[in-house]
Each structure stands twice: as structure tokens, then as C-alpha cells.
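Trainee: take this sequence and fold it.
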Amino acid sequence: MTDRLSTTLSALADPTRRGILAQLARGEATVGELAEPYDMSLAAVSKHLKVLEHAGLITRGREAQWRPCRLKAAPMAEVADWVGEYRRFWEQSLDRLEDYLAELQKGDPGGTKN
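Mentor: Okay, here's the model as predicted:
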């Protein structure tokens, strides 16, 4: 069984699915509306939607014959938290690099030391 974070990251790995999520961030849409920017069949777009739905990133409603898709961004918060841990690592690394460069430039007032 795959954990939720892995399922979410797998769904987000595809550029078409990320594009679909970007469309849905602007509001709900039908499969036809979501397919418009892509050179693919409605069946192919539906497969992408199933992956997004399985990951919990979208919901599909039913209003008469219209099946609007809606963004559910909650799983992305888990991704943001996970990435946030690495952001802190890189910020600390860059802070150390900045300190090191400042030390190097102390010996060269013009900052042109080669």
C-alpha cells in the first residue's frame, strides 16, 4: 500500500495533471473544459482525472448531466510541509555560504579577491 504523500507526489509528477489542477484553481470545470488546452481525447483526460481523484486532489460532483470537477488542495498541504523541511535545510546552507563569503571578503575591502 502506498502512503498518501507518495500518491499525491505521483499525481503531481505529470505536467498535464498539474495543468488541470491549475485550471481548477480558477474554479470548477467539466471534463470537456479541462480537455480544451490539450491535444488528447476526453478518455485520456478522464484517466488523468481518475489519478487526481484517487490522490484526493479533486472531487467530481453530479448536477443533472453535468459532472463538475473541483480542486481539493488539502493533500498539497502535506507536500508543502514535506518540502518545507528541505527548504529549511537549504536556507541554513545558504546562510552558511553567505557567512563564508563575508569572511572571504573581509580580507579584500573591494570584494574583488580572486
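
Trainee: burial count for residue 45?
Mentor: By the criterion of other C-beta atoms under 10 Å, residue 45 has 21 neighbours. For glycine as for every other residue, the C-beta is placed from the backbone atoms N, C-alpha and C.

Trainee: next one: residue 5
Mentor: Here the number of neighbours of residue 5 (other C-beta under 10 Å) works out to 13.

Trainee: quick one: the helices in the protein?
Mentor: 4-12, 15-25, 31-35, 42-54, 74-106 (DSSP state H).

Trainee: worst mean pLDDT among those?
Mentor: Per-segment mean pLDDT for the helices of the chain reaches its minimum on helix 74-106, at a mean of 87.

Trainee: and that helix, how far out from the chain middle?
Mentor: From the chain centre to the centre of helix 74-106 is a distance of 19 Å (C-alpha atoms, centre = their mean, to the nearest Å).

Trainee: may I see the buried residues of it?
Mentor: Of the residues in helix 74-106, those with enough neighbours to count as buried (16 or more other C-beta atoms under 10 Å) are 75, 76.

Trainee: can you check stretch 40-60 too?
Mentor: Going through stretch 40-60 with 16+ other C-beta under 10 Å, the ones that come out buried are 45, 48, 49, 51, 52, 53, 55, 56, 57, 58, 60.

Trainee: now for these: which two are most distant?
Mentor: Looking at the buried residues of stretch 40-60 by C-beta to C-beta, the two members farthest from one another are 45 and 56, with 18.6 Å of separation.

Trainee: could I get the buried residues of stretch 40-60 as TSV with distance to residue 107?
Mentor: Below are these laid out as TSV (distance: C-beta to C-beta, whole Å):
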residue	distance to residue 107
45	61
48	57
49	60
51	56
52	55
53	60
55	53
56	55
57	53
58	57
60	64
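
Trainee: and those, which is closest to residue 75?
Mentor: Where the buried residues of stretch 40-60 are concerned, and distances follow C-beta to C-beta, residue 75 has its nearest neighbour in residue 56, at 4.8 Å.
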